[in-house]
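# when you get a sec, could you give me coordinates for this:
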Amino acid sequence: MNYARILLASLCAFVAYFTYGGILFGALPWLRKEYAKYPAVYRSQEGIKSAMAFGMLAMFVALVAMVYFSGRGIVQGARFGALIGVFAIGSFAVHNYVNLNIGLKLTIQQSIAYLLQWIIVGIVIGIVYKPAVHT
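Model (predicted):
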């Protein structure tokens with residue numbers, strides 16, 4: 001097991017995750033506007049900022065686990081990222097649609113965004129991570 005490569009790939013995946021998320025959720029107004037329709041459900045920007053450090057730490061730990069179980073190369077990384085994306089859709093986006101008072105449009109937008117985000121993260125991991133060679 002190559003711990004240095006696991007950490008490097010996790011760090012690169014972390015950067016990719018938050019870069020894509022920042023572009024998608026920060027720069028594109030259509031998704032931000034959809035979230036704004038549910039102020040009783042989602043935290044304000046100030047509230048998000050107060051919880052962000054904990055969320056970033058939790059995401060990094062999740063990415064370390066993802067790297068540990070992922071494959072090598074672009075195709076394997078994309079495939080693994082797609083599996084994580086499908087899991088996120090079922091366990092997060094649709095689950096929240098059932099439990100929270102949010103609309104179907106936001107659920108669909110989240111599902112598309114998260115699937116693409118996890119595929120990108122999987123590709124980055126597949127490119128960066130090189131498992132130890134067993135002899």
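# tell me which strands and helices the helix or strand of the chain with the lowest mean pLDDT is in contact with?
None of the helices or strands of the chain scores lower by mean pLDDT, DSSP states H and E than helix 29-36, at a mean of 84. Counting contacts by 3 or more C-beta pairs under 8 Å, 6 or more residues apart in numbering; DSSP states H and E, helix 29-36 packs against helix 104-128. Every residue, glycine included, has its C-beta placed from N, CA and C.
# contacts only, for the residue nearest to residue 16 when sequence neighbours are not counted.
Leaving out its chain neighbours, the residue that sits closest to residue 16 by C-beta to C-beta, 6 or more residues apart in numbering is residue 124, at 4.3 Å. Residues counted as contacts of residue 124 (C-beta atoms under 8 Å, 6 or more residues apart in numbering) are 9, 12, 13, 16, 77.
# burial of the third one, as a residue count?
Around residue 13 sit 31 other residues, with neighbours defined as other C-beta atoms under 10 Å.
# give me the buried positions along the one helix or strand residue 94 maps to.
Secondary structure from DSSP states H and E places residue 94 in helix 94-99. By 16 or more other C-beta atoms under 10 Å, the buried positions in helix 94-99 come out as 94, 97.
# could you find the closest non-adjacent residue to residue 60?
residue 14 (5.3 Å).
# and residue 38, by the same measure?
Closest to residue 38 by C-beta to C-beta, 6+ apart is residue 102, at 5.3 Å.
# check what pLDDT the one you found gets.
With respect to pLDDT, residue 102 has a value of 89.
# pretty sure it sits against residue 39.
No - in this structure, residue 102 is not within contact of residue 39 by C-beta atoms under 8 Å, at 11.4 Å.
# who's more crowded, the two?
Using other C-beta under 10 Å as the criterion, residue 102 and residue 39 rank with residue 102 on top: 19 against 9.
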